[in-house]
Each structure stands twice: as C-alpha cells, then as structure tokens.
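> Attaching a predicted model along with its sequence, questions to come.
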Amino acid sequence: MNPSNQHDEKKPFPWHLVFFLGPGLLIYVVFSVYPLLDTLVLSLYNEQQGQSHFVGLQNFITLITDDTWSQAFWNALGNNFTFFAIHMLVQNPIGLILAVLLSTPKLRLSGTYRTLIFMPTMLSVVIIGFVWQLLLSPIWGISEDFLYTIGLGQYFDAWLGKESSALITLAFISVWQFVGIPMMLIYATLLNIPDDIVDASVVDGANSLQTFWHIKLPLILPTIAMVSILTFVANFNAFELIYAVKGALAGPDFSTDLMGTFFYRTFFGFQLQQGSASMGAAVATLMFLIILVGVMLFLFFIQRRIQRFQF
Amino acid sequence: MFNVRYASLKTRTATKTPTKAVSKLTCLAAILMSSTSAVQAASSLSIESWRSDDANIWSDVIIPAFNKSHPDTQINFAPTPPTEYNSALQAKLKAGSAGDLITCRPFDTALDLYKDGYLANLNDLEGLKQFSDVAKSAWITDDGKDQFCMPVASVIHGFVYNKEIFKELNLSVPKTRDEFFKTLDTIKSESRYTPLAMGTADQWEAATMGFQNIGPNHWKGEEGRKALLTGEAALTDSAYVDTFKELAQWKPYLGRGFEAQKYSDSQNLFTLGRAAIYPAGSWDIQTFNNQADFEFGAFPPPVAKAGDTCYISDHTDMGIGINANSKNKEAAKVFLNWMASKEFATLYANEVPGFFPLSDHQIDIKDPVAQEFMSWRQQCESTIRNSYQILSRGTPNLENQLWNVSAQVINGTMTPEAAAKEVQDGLAQWYKPQQ
C-alpha cells in the first residue's frame, strides 16, 4: 500500500457521491456536453460526397464574408435582435405589471386570472401559430370585424403577410404566449416580500407607488434580471413559431428569418436545397457563441452589481 | 415533390386515422405473408415508397392485378412517411436492408443514390421504350447516358375554374392571355367572387402554381429550359421577365390580404365557391372532388395569341428503380416492365386521380377533370419545372430563390426586372454555363 491509499483509509473514497451524481452526470454528458462538443468539431470540417476533411475556420469565414451566406446571416441576426427587443420592451414590463396587479390583496379571482394568463404558455407552439393565423386571417379571421366594431377598421391589414409587419406580429404572438413566465416568476418573488417591510414603509408614510418603487422593485430586481436572461436565451433559440407560421423560408423575403430558421435551412436543407451538416454546425456554433457572450456580459456587468436581500 | 406531398397530406387529414390503421395492418399482413410465403413463392419483392397514402391502393388493386398475370411473385409495398423517406431510405441502403424496388424522387436525390452505387442501371430495360425523353429526363445521368429509374407519375399545372360562377357571369374559358385578364376583370367588376384564389404566404404557390404554370408558354417549354442549362439563355431574357410581368398583373385579382393567405386558405376559398379560378396542380383534383359541391373544370395556361403552340408543365414527380444489391433483380425487372404497361397506367391513373402515368399509352381516365388535364398532353408540348434539373444544386438555391422572388413580384414589393436579375445573379454565382 502506498501513502496516498493510507490517507484514503482514514477518509474512504466517497462512493456515494459517484452513486448519486453519476447517472445525472452521465445523461448530461451523453446528451448535452458530447453533442455540443461534437457540433463545435463538426463546424471545422467540410463534407463533400460523404468525405469529410478538416478545413479549420473556413466555414465561419464563408458565413461572414461570402455575399450569399453573410447577407442571410446578418439578416437573421438583425431580425433576432428585433425579436428580442420586442420581448424585452413588451413581454417583461407587461409580465411585471400583471404580477403586481395579481399580488394586490384586494384583487378577487386572482387565481383564475393567473391560470388564464399562464394557459397559452402551456399550449403547443403549433396550436398557438395556427390559432393566431386564423384570428388574423384576412379571409376568415375575426380581428377585422373586431377592429371595425371599435372603429379602427381602416387599420386592418394582412399583417402576417407584409414584410414590414410580419416579424413584429410574430413577436407579439410570442409575447402573448410567454408573458405568463415572467409574470409567474415575479409574482412568486413579490409574494415572498415580508409584510412587515411593506407595513413599515406605510407607517413611514409612503404611498403605494412609493412602496413599489422604493421597496418592492429593488427586491424583485434579481428576478427581473433572471427573466431577462431567460428571454435572451429563449429568443436566440426561437424557431418553432416562425416555422409553424411562415415555414422554413421565413417569408416574405426572409423578413421573419431568425437564427433558428436560418440554421434549420442550412443544416437540414429545404425543398431542393441540400442540407449541409458542417455549415449547419457552423451556424449552430455561432448561435451558441452569441448566447454565451450575451450571458457572460450580463453576468459580469449586471448580475454582479445587483444587491440581494435576505429576509 | 414537397408541394405534392403537402397537398396529399392536406387532402387526407380527414381520413388520416383510418388510412393509417389500414396501412399499418397491410404492412403487418404483408410482412407476415412475405415471411410465410418465401418458401413457396419463386421470388418476393419489397417496394420502398413515400406514398403511404396509397398503401391500400397498392395492396388492394395494383398488386392483385399484377399477381393475376404473375402469380409466383410476392410483392410487398412498404411505405415510409414522406418527410422521413429520404433519410430512412439512405439509412436502409447503407445497412443493406432496403427493399428490392426503390421509389425515386426526381433529379438530384435519386441521382446521388445512383452515384453512390445504390441503384441499378436500367439502360437495357424493355419497359423504358414506353416513355418519352422528357419523362425519362428526371432519372438520367447528366450526360444522358445512364437511366437509373423508370418514370411512374407526373403532375400537371393549369387553372381550375368554378363552372357555376362562369355560367352565372356568362363567361367562356379563356384561351389567350388577353381573354384571361378580361375574364378576371369581368369577375372582379360584376360579382363579389374573388377572381383568383391564390396567396403568397407559403411562397411555393407563387413559384409553382404561378411562375412554373404560366412560364412554359413564355420560354417555349423544353426549348427554353434546355437553353438555360447550356447557358444560351439567361433568366434575365425577356421570356422570364415577361413571365414575372404577367405574374405581377395577377395582384389586383387576388383576394384581399392575399399576402397572408395560405395554400389551404386558397383551397378552401375555391371549394366554398367564393373564388372563380384557382391556379392549380393536378393533385388538387382529389381535394376538390372531396370538398367542392359544384361542378368544376380546368383550362391550360393561356397563350399569347390564338393558335400559338401551348406549353404545359407536366412535372415528373415519381420514378421507380431497382436496388443494386437486390437478390431478385430479374423479378424486379419483370415487375418494372409490367409497370410500363397499359394495364398499370390505367389502374394508377384512375385510382390516384391527379397523378398521371408517364408512359405513352392511350388510357381512359374516368375523372372528367383529370381527363381534361391529361388531354393537354395531346394539344400542348410538355416540359418540367425549369429549376429542378441541375440548376438547384448550388448555393444560392434557384428553386428557393424562385419561391422568394415570385412571391415578392406578386406582392408588388419587387419589380419583374429586379426579380429576374436576382435569380440570374444567384445562378451565375455557381453555375459555370451561366457565368
């Protein structure tokens, strides 16, 4: 026996850790870490006629410098930022307001509202896409009649089909679907704020608005930050809604093309376009890097400065 | 290809469950049968196909008909769902477990299989004599030397119209472009019907039912298509710009909000009797037979002036080939030769209206609209979609570009000239003869 084993004798190897962590770790490695690494490696290869050979960063260079590729790439990335911006400016503020309203003690039927608002989040994106296409359809949809009833009929248009409005409309549909998530998270945090802090502020003479701005908002900021990061990651991985409503060609004229649909077309091909696994992997890698950089920037510059309170 | 599959999927949503159950049963039955009969039967063949919708037609009609004349060959029709077909087939071929007969997608998908050595050469197949060169062009090597699949079926483009609305407005079927637009004008000004039932939301309709439908009359069918391949013609030529110009003229006759109108919306608009004319693919016939309760007819894409030769898009969509590693090649050849016969053509055309046999036999189709579509082959020159052979091999992809620009031209967000220039530039980026 060597010295290190003698040391082990005193402190036996923690087999129970392996036992408890092992299965989870194994699944994580096999289904998450390995595919991710394999994608990164694949993006450095070029596949032709079943033969793959190492090409270094060539795929990325093509993606960024070649006119055909780069135009599609920057367009998708730009659209993705618009998509994200709309979510940040619309979804999260509305989620916050809804959460605050729900947590007002005087509100009756708050459980019902909570369920109803959260309901779309639980539905399949395909259903959401289908339902909204019907609602907004210029042929069968009810939105035109509805707008006429409230006197705004002349503003109706085939929003999902116009280049100028298709992406915004899709973003709003997505906001409608997912607004329940920020609402629920913020609502849960609001419920956790101890009553005595709020009571103390009232005793000190703060009105309800002041209580919100100076007591509640600082306490829910970490949650809002977390919601933002979740939105960021989800938006840059978004694909299903666009695919369900506009198809993989993300028309009209690629105005609704996101990184997800761009990746889909590249990797799997579309109609007569043959898919390219290595080029697709390059797009996927860039998506990963964009999300990684976004999350890191956020962690370094925002998350660290947020003060946390413990009750 | 996709369009057709999409259409047939749509058609069958109502009857999905029973068909699925049936096809599962037939598959099971076929597997049982093939395993028990392998001992007695001289040979047994298995067919790979994406037409799972037709599984019961094969097992109930086509295979029994074949067995009447060839009782000692067992046939097993083993379809895979359309969306999984290409990849599933590839995997099976690699593993050596694919069937003896392979249903071929047109052009590059099948060509790649042949190049990889999975499909047998069919040059000396007797049955091939029954097919025209256009029909065979979808499954031949680029140099035109080797045939690797035998043509089975095609789809034809044209316009379907509501006969009752035409009667009500005293309209006759338009033969020339001027008449066509006059008809559209009359429908628009004298009735509340939508003149043309088409939308641009799905994009492919604009290209397939629009550009590829009316285009062959402009670029003179095969002549123009071949000239594009050799580089003698360019997509910026007047034939193509004129096609886009004609497409742009459709805009005022489409339904309100057509930019957001999907393929199924257009079908419904027509079958509900709210639209007069529908730019169609022949596969729509089945849907319309099931859903429309009025009489409808069809007319070919109108020509420039009366008496001009007409050209139709008679697009080769399905072929069949032999697995190069099959143990029953001789039996497979016998079956293919039978598929080239008049008997098969008649059976197929009548069981699956809208999919037309590609062989040169004169056959009787009972469905009147399908018959009408089929009759154009006699009056007009056939061609196929010009983006399918070779021209969609590179990046950017011509077919996808056509979808995009055709939809934009109809939407009015792109001029015909700009559209032609964009597709030509795209093609010139990678296709040598066009540089």
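Good, I have the coordinates.
> Show me which residues of the stretch 151-300 of chain A sit near chain B.
Near chain B, the residues belonging to the stretch 151-300 of chain A are A:157-163, A:246-247, A:249, A:251-254, A:270-274 when assessed by CB under 8 Å from any CB of the partner chain. For every residue, glycine as well, the C-beta is placed using N, CA and C.
> The biggest helix by length in chain A: how far from the chain's middle?
Longest helix of chain A, by residue count under DSSP state H: helix A:277-301. Counting by CA atoms, centre = their mean, to the nearest Å, helix A:277-301 is centred 13 Å from the centre of its parent chain.
> what helices or strands is that helix leaning on?
Secondary-structure packing of helix A:277-301 (3 or more CB pairs under 8 Å, 6 or more residues apart in numbering or on different chains; DSSP states H and E): helix A:34-42, strand A:45-48, helix A:58-65, helix A:67-86, helix A:217-236, helix A:259-268.
> Buried ones in that helix, by neighbour count?
A:277-288, A:290-291, A:294, A:298 (16 or more other CB atoms under 10 Å in any protein chain shown).
> ok, so of those, who is nearest chain B?
The shortest approach to chain B among those belongs to A:Met279, at 8.9 Å (CB to the nearest CB).
> Please report the distance of the residue lying closest to B:Gly117 once chain neighbours are set aside from chain A.
Among residues not flanking B:Gly117 along the chain, B:Ala324 sits closest, at 5.9 Å (CB to CB, 6 or more residues apart in numbering or on different chains). Applying CB to the nearest CB, to the nearest Å, the value for B:Ala324 to chain A is 16 Å.
> B:Asn337 now?
Distance of B:Asn337 to chain A, computed by CB to the nearest CB: 31 Å.
> try B:Lys432
Taking CB to the nearest CB, one finds B:Lys432 at 17 Å from chain A.
> Spit out the contact partners of B:Glu246.
B:177, B:214, B:218 (CB atoms under 8 Å, 6 or more residues apart in numbering or on different chains).
> Let's see that with 6 Å instead.
B:Ile214 (CB atoms under 6 Å, 6 or more residues apart in numbering or on different chains).
> Which parts of chain B belong to which domain?
By the assignment in automatic domain parsing, chain B contains the domains B:2-155+B:317-382, B:157-313+B:385-434.
> quick one, which of those domains is nearest to A:Ile128?
domain B:157-313+B:385-434 (15.9 Å; CB to CB).
> what about the closest one, how long is it end to end?
End-to-end distance for domain B:157-313+B:385-434: 27 Å, by CA to CA, to the nearest Å.
> before we move on, what about stretch B:196-208?
For stretch B:196-208, the end-to-end distance is 15 Å (CA to CA).
> contact partners of it?
A:161, A:249, A:251, B:3, B:250, B:253-254, B:258-263, B:265-266, B:269-270, B:275, B:277-279, B:402-403, B:406-407, B:410-411.
> so what's the one residue sitting closest to the centre of chain B up against?
Against the mean C-alpha coordinate of chain B, by CA atoms, centre = their mean, the closest residue is B:Val155 at 3.4 Å. By CB under 6 Å, 6+ apart, the residues touching B:Val155 are B:4, B:281-283, B:315, B:317.
> go on, B:Ala65?
So B:Ala65 contacts B:Leu347 (CB under 6 Å, 6+ apart).
> Try it again at 7 Å.
Each residue near B:Ala65 by CB atoms under 7 Å, 6 or more residues apart in numbering or on different chains is listed here: B:343, B:347.
> One more: A:Ser228?
A:88, A:92.
> Model confidence for it, exactly?
pLDDT, A:Ser228: 92.
> Next: A:Val283.
With respect to pLDDT, A:Val283 scores 94.
> how much space between it and A:Phe236?
Distance of A:Val283 to A:Phe236, given as CB to CB, to the nearest Å: 12 Å.
> Please report the distance of B:Glu259 from A:Ile97.
The value you get for B:Glu259 to A:Ile97, if CB to CB is used, is 33 Å.
> quick one, which of those two is more surrounded?
B:Glu259 (27 against 13; other CB atoms under 10 Å in any protein chain shown).
> any idea what sits nearest that one, other than its immediate chain neighbours?
Nearest non-adjacent residue to B:Glu259, counting by CB to CB, 6+ apart: A:Gly161, 2.6 Å away.
> Double-check B:Val352 against B:Ala55; I have them as touching.
No: using CB atoms under 7 Å, B:Val352 and B:Ala55 do not qualify as a contacting pair, with a distance of 11.8 Å.
> burial count for A:Val202?
The local packing count at A:Val202 equals 14, with neighbours defined by other CB under 10 Å.
> Which helix or which strand is home to the nearest residue to it once chain neighbours are set aside?
Excluding its sequence neighbours, the residue lying closest to A:Val202 (CB to CB, 6+ apart) is A:Thr211, at 6.8 Å. Using DSSP states H and E, the element containing A:Thr211 is helix A:208-211.
> Could you list the buried residues of that helix?
Neighbour-count burial for helix A:208-211, counted by 16+ other CB under 10 Å, picks out A:Thr211.
> try stretch A:227-235
A:227-229, A:231-232, A:235.
> now stretch B:99-115
Buried-residue list, stretch B:99-115, by 16+ other CB under 10 Å: B:99-114.
> Go through these and name the one nearest A:Thr62.
B:Asp108 (21.6 Å).
> Pretty sure that closest one sits against B:Gly394.
No: in this structure, B:Asp108 is not within contact of B:Gly394 by CB under 7 Å, at 11.1 Å.
> For the most centrally placed residue in chain A, give its distance to A:Phe31.
In chain A, the C-alpha closest to the average C-alpha coordinate belongs to A:Ala234, at a distance of 1.4 Å (CA atoms, centre = their mean). Separation of A:Ala234 from A:Phe31 (CB to CB): 20 Å.
> Also A:Asp196?
As judged by CB to CB, A:Asp196 and A:Phe31 stand 46 Å apart.
> Kindly report the residues of chain B close to chain A.
B:1-2, B:200-203, B:255-257, B:259-261, B:265, B:269, B:388, B:392, B:395-397, B:399-400, B:403-404, B:407-408, B:411, B:413, B:429 (CB under 7 Å from any CB of the partner chain).
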